[in-house]
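K.L.:
Quick one, structure for this:
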Amino acid sequence: MSQFSRGLSARLTCETCKRRKVKCDKLHPCTSCRKASIECVPVERTRLPRGRSAKKKNKRFQEEMISRVQTPNLANRVSMLEGLVHTLLNSQTESYLEDPDYSGSLNVDFSGSGADTLGPDNSSLDGALQPAGCQFDGFNYQSTSPDHHISPDDVAPREGADSRLLQIYITQVDPIFPLLQCSSLWAHVAQGEPYLTYAADHPAPRALVCAVSYMTITTLSNDRCHREFDSSRDLLLNKYHSLTKRALEHADYINTDDITVLQAFVLFLVSIQAHDQSRRAWTMLSLALRIAQSLLLDIPDPPFTVTPLEREMRRRLWHIISLLDVQASFNHGSAPMLQPDCLRAQIFPAIDFLDFFAPPKDNSSPFPGPTSLADPTFIMVMAEAQHAFRSLNLSRGADLCMTSVDIHSRLQIAAAFQQNSQALLKGLLSDKIPFHLFLEQLVEVIHAFLQLVAVKPVQGTAKGYFSQDIISPTTLLSLATNFLQTLNNIYQDPRIEPFRWYVRLFAPWHAFSVAMDIVCACDDSSLQRYYQTLVAGLYSSLQELLHDAHRRLLQQPLHRFAILSQTCMDQSLAVDYLPELNLLQY
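P.N.:
Coordinates of the predicted model:
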């Protein structure tokens, strides 16, 4: 007697009710689907034997299969193979329908026995395994049905898209945030090889790939997203945000002790900051900081064994987190979470750590051969900038009046940054390599900003100004507008387009606040008119860098500047330069 003809079929909860998460009475069609006027997709399986008789029936079935194997009849062997496949399908039907990670199905035709269907013109063997759907017991389950449950793997990034996004990441993001071993990551994405020493099914590399894709999308314009991926930027941002969030949750990023998961989480935060105007990234940065401290990233020599590659990754990741702390504190007008001496570890020049890993094997790799982590020049420059900013912004109390000795020592800090940074950039080919040009222009922007902070700290109040005998308002105004002009030059330069996304992370609200306050209080009408036009033009050009939080910080200076614009300038000129200032009056 055939194994599949014994007993009646057991009917399970229909697929539609399972997807709608409602109770099913297991009729055909079920009452719930009939009342909702939707198609009922039944789920059936062969009723499994129970009790003591099950062992006897299974034993008899195994003996029957063994006897068929021992016979030379090919038709019996084919029948046995179909029987085994059918048995597996019956035993796993319920499990794969409930598994959210299931991304495919089998299409098996059991219209007849092996002896009856075997023949030269028969396609039962050729079509025994079909990825389109699963057919058994007269029930067709098509995975291409519009009502089919979409699993996370169904909306996962395609391998081709992942490879292209990783190529863009290596060009536009990795020089600025050289955190990852990109050659090993490329082999993992393009060839399916393990990432570093991780197992093939480990959730950490998957989270990292999703975070890299998400980070890359934030650096692209809407037009390029349409050209590269035939989709809008907003749609891709929503898609990869959801994918990265799910991958991080699957990797348990909150309780993780894996540096790769933390790398993915940090890239996730930077991606949110790049396109989201809310405080979400600022709030979640404290969580990333606590996770980093739990992994002892702030300790150069941890009390456990780490490989040279891990040590360098830990050092660079800590510097990036410290940089994000400074950037977030400035953008929100708050004090940094970390202490000024948080960067005790020295960044080493790039070393080839890939002696332990096989290089990519295909010609499509963007790497000419085994490579190490990317050049850390950007991190080294920003480490100098962090040290200078923390010293200038927190070295004195906000209520203490500063003297000429103070301003000389503070300006020396800004000059020391410029000198040390130029030494790091010595030998760069800024006329040939766009990233080298970006570094040189970035050093000029940071130096101009540090000069302004040396005279007017971000955390200072009105009492923190130097007296006019030491620094005149005109000099302070000149420093503020010089910084804004330098920032505008790098932001508008088409040669650094691949790295413009990083400039967008820096909001110049402090310089605008200083410039607008001094312009409004200026007694010289001609000088006031000149700087008024200059500041208005810079605000119109750089207002894309200002989010809602920055506009709240600028609310009072903007209000006074709008009134001044309407008083001293032609109304149409004021509207052209400052389209949103009039709204602050109401």
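
K.L.:
Return the residues in contact with C14.
P.N.:
By Cβ atoms under 8 Å, 6 or more residues apart in numbering, the contact set of C14 is 24, 26, 29-30, 33, 40-43. (Each C-beta comes from the backbone N, C-alpha and C, glycine too.)

K.L.:
What are the boundaries of the helices in the stretch 351-500 of the chain?
P.N.:
According to DSSP state H, counting those that start in this stretch, the stretch 351-500 of the chain carries its helices in the segments 377-394, 404-424, 434-455, 473-492, 500-503.

K.L.:
by how many degrees do the second one and helix 377-394 diverge?
P.N.:
In terms of direction (axes from the mean of the first three to the mean of the last three Cα atoms, to 10 degrees), helix 404-424 departs from helix 377-394 by 180 degrees.

K.L.:
Helix 404-424 to helix 434-455, inter-axis angle?
P.N.:
Using the same axes, to 10 degrees: helix 404-424 against helix 434-455 is 170 degrees.

K.L.:
is it true that A388 touches L450?
P.N.:
Yes: between A388 and L450 there is a contact at 5.4 Å, judged by Cβ atoms under 8 Å.

K.L.:
what is in contact with these two at once?
P.N.:
Common neighbours of A388 and L450 are listed as 413-414, 417 (criterion: Cβ under 8 Å, 6+ apart).

K.L.:
If we only consider those residues, which is nearest to G160?
P.N.:
F417 (43.5 Å; Cβ to Cβ).

K.L.:
if I pick the closest one, what's in contact with it?
P.N.:
The contact partners of F417, by Cβ under 8 Å, 6+ apart, come to 384-385, 387-388, 446-447, 450.

K.L.:
Same list (the residues you listed) but as JSON lines, adding pLDDT.
P.N.:
Formatted as JSON lines, the contacts of F417 follow (pLDDT from 0 to 100):
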{"residue": "E384", "pLDDT": "90"}
{"residue": "A385", "pLDDT": "91"}
{"residue": "H387", "pLDDT": "88"}
{"residue": "A388", "pLDDT": "89"}
{"residue": "I446", "pLDDT": "94"}
{"residue": "H447", "pLDDT": "95"}
{"residue": "L450", "pLDDT": "93"}
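
K.L.:
Where does the prediction get shaky in this structure?
P.N.:
1-8, 48-82, 84-159, 344-372, 394-405, 459-470, 566-586 (pLDDT under 70).

K.L.:
Number of residues surrounding Q555?
P.N.:
Neighbours of Q555 under the rule other Cβ atoms under 10 Å: 11.

K.L.:
From H332, how far off is it?
P.N.:
If you measure Q555 against H332 using Cβ to Cβ, to the nearest Å, the figure is 15 Å.

K.L.:
S163 too?
P.N.:
S163 sits 37 Å away from H332, taking Cβ to Cβ as the criterion.

K.L.:
Which residue, other than its chain neighbours, is closest to I379?
P.N.:
Excluding the flanking residues, the one nearest I379 by Cβ to Cβ, 6 or more residues apart in numbering is H319, at 5.0 Å.

K.L.:
can I assume that neighbour is in contact with A383?
P.N.:
Yes: applying Cβ under 8 Å, one finds H319 in contact with A383, separated by 5.9 Å.

K.L.:
With neighbour numbers in mind, choose between those two.
P.N.:
The neighbour count for H319 versus A383, taken as other Cβ under 10 Å, is higher for H319 (25 against 20).

K.L.:
For the more buried one, what are phi and psi?
P.N.:
Main-chain dihedrals, H319, degrees, to the nearest 10: phi -60, psi -40.

K.L.:
do the same with V43
P.N.:
Per-residue torsions, V43: phi -130, psi 120 (degrees, to the nearest 10).

K.L.:
Now the closest residue to it other than its chain neighbours: phi and psi?
P.N.:
Spatially, and ignoring its direct neighbours in sequence, V43 is nearest to L12 (4.3 Å; Cβ to Cβ, 6+ apart). Per-residue torsions, L12: phi -100, psi 180 (degrees, to the nearest 10).

K.L.:
burial of L12, as a residue count?
P.N.:
Residues lying near L12 (other Cβ under 10 Å) number 18.

K.L.:
From K35, how far off is it?
P.N.:
For L12, the distance to K35 (Cβ to Cβ) stands at 20 Å.

K.L.:
so, if you compare the contacts of F417, which one comes nearest to L477?
P.N.:
Nearest to L477, judged by Cβ to Cβ, of the contacts of F417 is L450 at 17.1 Å.
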